[in-house]
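Peer 1: Show me how the following folds:
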Amino acid sequence: MRVSFDLDEVLFVSPATHKTEPPLPFPFNKIYKERLRLGTPELIRSLQEMGYEVWVYTSSFRTENYIKHLFRCYGVVFDGIVNADRHLKEVQRGHSETLPQKLPNRYRISLHIDDEAIVCSMGRIYGYDVYQLNAEDDQWKEKIIRQAEEIRKRNASI
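Peer 2: Below is the predicted model:
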């Protein structure tokens, strides 16, 4: 089963509004200025140890290499990355109508975590499960694991 995370305001947050991981040491802190939500590396590794594939699905144009290298500094390796370029090439490709900025089910993603209400509402329309995360929440990791486990159990009984 695949779980994906948006980057901005989900994994990348402001230290002014959220608890964050410590900044990277020099010189990496000059290259990668984003700050990770506290507990991000732990959550991703826990999900992977539980047998989940963990992906990034972002509407940003950050390159796949940039995302890979930034998270590698925290000891995290993603199983897949979909950025805006990949989404446009593989999902929007040639459709005359504009599709939503994210369609996780096109990548067999079972649960997507995002902060944007529009992405979350599109889940009902386009048939994908989504968990909305936008506020500071000390229980966010446990809630996401619980949601993933519920979806896995539901899918196993089908």
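Peer 1: where does the residue lying closest to Gly80 once chain neighbours are set aside fall, helix, sheet strand or coil?
Peer 2: Closest residue in space to Gly80, ignoring its immediate chain neighbours: Trp55 at 4.1 Å, by CB to CB, 6 or more residues apart in numbering. From N, CA and C alone the C-beta is placed, and that goes for glycine too. Secondary structure, DSSP: H, G, I helix; E, B strand; the rest coil: Trp55 is strand.
Peer 1: roughly how far apart are Trp55 and His95?
Peer 2: 22 Å (CB to CB, to the nearest Å).
Peer 1: Neighbour count: the two, which is higher?
Peer 2: Taking other CB atoms under 10 Å, Trp55 and His95 do not tie; Trp55 has more neighbours (20 against 8).
Peer 1: Model confidence for that one, exactly?
Peer 2: What the model reports for Trp55 is a pLDDT of 98.
Peer 1: Dig out what the residue nearest to Asp6 when sequence neighbours are not counted forms beta bridges with.
Peer 2: What sits nearest to Asp6 in space, not counting adjacent residues and going by CB to CB, 6+ apart, is Asp114, at 4.3 Å. For Asp114, the beta-bridge partners are Gln132 (DSSP bridges).
Peer 1: Met50 versus Asp114, what's the distance?
Peer 2: 21 Å.
Peer 1: which of those two has more neighbours?
Peer 2: Asp114 (28 against 13).
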